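Asker: Build me a structure from this.
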Amino acid sequence: MNTKKIKKVDTYPLQVELEKCTELIKYVMEQRDLLEGVECKSLAEFEAKLNKATNFVNPNLSAQALGFEDEHKRLTYIEKILSTVDLKDSDIDADGEFKKKFIDTLNEKHTIYFTEGEQIINKKIDVIMKSYNTLVLTDRKKIVINRSGEMQINPFIRY
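Answerer: You can find the predicted model right below:
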């Protein structure tokens, strides 16, 4: 039983997370522009570059000394906002749209599958239903399910 069958997709949490990520696309695009302007690939690289240029240990002081205080503050703020969700620069293409891999991962995260035990039970139920449905209608009327959930002969039908 290695095939996974979808039980359901939690559409509401999926939609909420997708909307939250959609709102944060503008920050990812801004982060790209800022990092491109300072010729770095990440905030950590930018801070290391600043510290190396000034021989300081604190990136805030290095940014002030080199005149990159606004860029550093904005990048730090954007990094803090993006840390609340699992959204990276690599998840968004150049046009500001989500990549297919990101959408697929998000869908997979909110998809619930049947367990192996549930799949076995569903197969047994299918066999029972098929055999019941092959009976003629008059024979079907002879079978009922009692209050305790057991199938039995209908006591109200006389032969």
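Asker: Contacts only, for I153.
Answerer: Shown in contact with I153 (Cβ atoms under 8 Å, 6 or more residues apart in numbering): K142, I143, V144. (Glycine included, C-beta is placed from N, CA and C.)
Asker: Buried residues, stretch 61-73. List them.
Answerer: By 16 or more other Cβ atoms under 10 Å, the buried positions in stretch 61-73 come out as S62, A63, F68, E71, H72.
Asker: List the neighbours of that stretch that are in contact with it.
Answerer: Under the contact criterion Cβ under 8 Å, 6+ apart, stretch 61-73 has outside partners L34, G37, V38, F46, E47, L50, N51, A53, T54, F56, P59, N60.
Asker: and these as JSON lines, adding secondary structure and pLDDT?
Answerer: Output for the contacts of stretch 61-73, formatted as JSON lines (DSSP: H, G, I helix; E, B strand; the rest coil; pLDDT from 0 to 100):
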{"residue": "L34", "secondary structure": "helix", "pLDDT": "93"}
{"residue": "G37", "secondary structure": "helix", "pLDDT": "92"}
{"residue": "V38", "secondary structure": "coil", "pLDDT": "91"}
{"residue": "F46", "secondary structure": "helix", "pLDDT": "93"}
{"residue": "E47", "secondary structure": "helix", "pLDDT": "93"}
{"residue": "L50", "secondary structure": "helix", "pLDDT": "92"}
{"residue": "N51", "secondary structure": "helix", "pLDDT": "92"}
{"residue": "A53", "secondary structure": "helix", "pLDDT": "91"}
{"residue": "T54", "secondary structure": "helix", "pLDDT": "91"}
{"residue": "F56", "secondary structure": "coil", "pLDDT": "90"}
{"residue": "P59", "secondary structure": "helix", "pLDDT": "91"}
{"residue": "N60", "secondary structure": "helix", "pLDDT": "90"}
